[in-house]
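Student: Predicted coordinates and the sequence they were generated for:
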Amino acid sequence: MQYIGQLDKNKLGKYKDKIKTFDVIITSERIEHINKRHPGDYEKYIIYLSNCIKNPDYILEDKDNKDTIIILKRIENKRIHIVIKLQTNNRDINKYNSIITYWQIRERSYKSTIKNNKIIYENLDKYE
């Protein structure tokens, strides 16, 4: 397990009162998944993850998965798509919000993801 950082509760909409922690981690199993499914992306973007979750361009409610958010962030002319499973279970107090996966996406996918999911947070200064 690797600690990544903390979500900003002021950017989480309805989830700020629902989640049990603001800490975000990534497990070795998920790192293995990313290396297998998105070769090179783990090494390339791990150094940016803390900044991505703290200062996202968008936080979206994942329409397909309960208590899951999508974070989108532009970094150095690249677009990063991060999926985080939120910890909302009262009985499981030792768990964290966990990165399920992340990868670089194209501009078209970036825009499509925004269009097809509910916006929880939008950074209005993202293009400055």
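Tutor: Cool, got the structure.

Student: Contacts only, for Lys14.
Tutor: Ile120 (CB atoms under 8 Å, 6 or more residues apart in numbering). All C-beta atoms are positioned from the backbone trio N, CA, C, and that covers glycine.

Student: With Leu86 instead?
Tutor: Here Leu86 is in contact with Tyr15, Lys18, Ile19, Asp67, Thr68, Ile69, Asn97 (CB under 8 Å, 6+ apart).

Student: List the contacts of the fourth one.
Tutor: With contacts defined as CB under 8 Å, 6+ apart, the neighbours of Asp67 are Tyr15, Lys18, Lys85, Leu86, Thr88.

Student: at 10 Å instead, please
Tutor: Tyr15, Lys18, Ile19, Glu61, Ile84, Lys85, Leu86, Gln87, Thr88, Asn89, Asn97 (CB atoms under 10 Å, 6 or more residues apart in numbering).

Student: How about the fifth one?
Tutor: The contact partners of Thr68, taken as CB under 10 Å, 6+ apart, are Tyr15, Leu60, Glu61, Asp62, Val83, Ile84, Lys85, Leu86, Asn97, Ile100.

Student: ok, now the third one?
Tutor: The contact partners of Ile19, by CB under 10 Å, 6+ apart, come to Leu7, Lys9, Leu12, Asp67, Ile69, Leu86, Gln87, Thr88, Asn89, Tyr96, Asn97.

Student: That's all I had, so thanks and see you.
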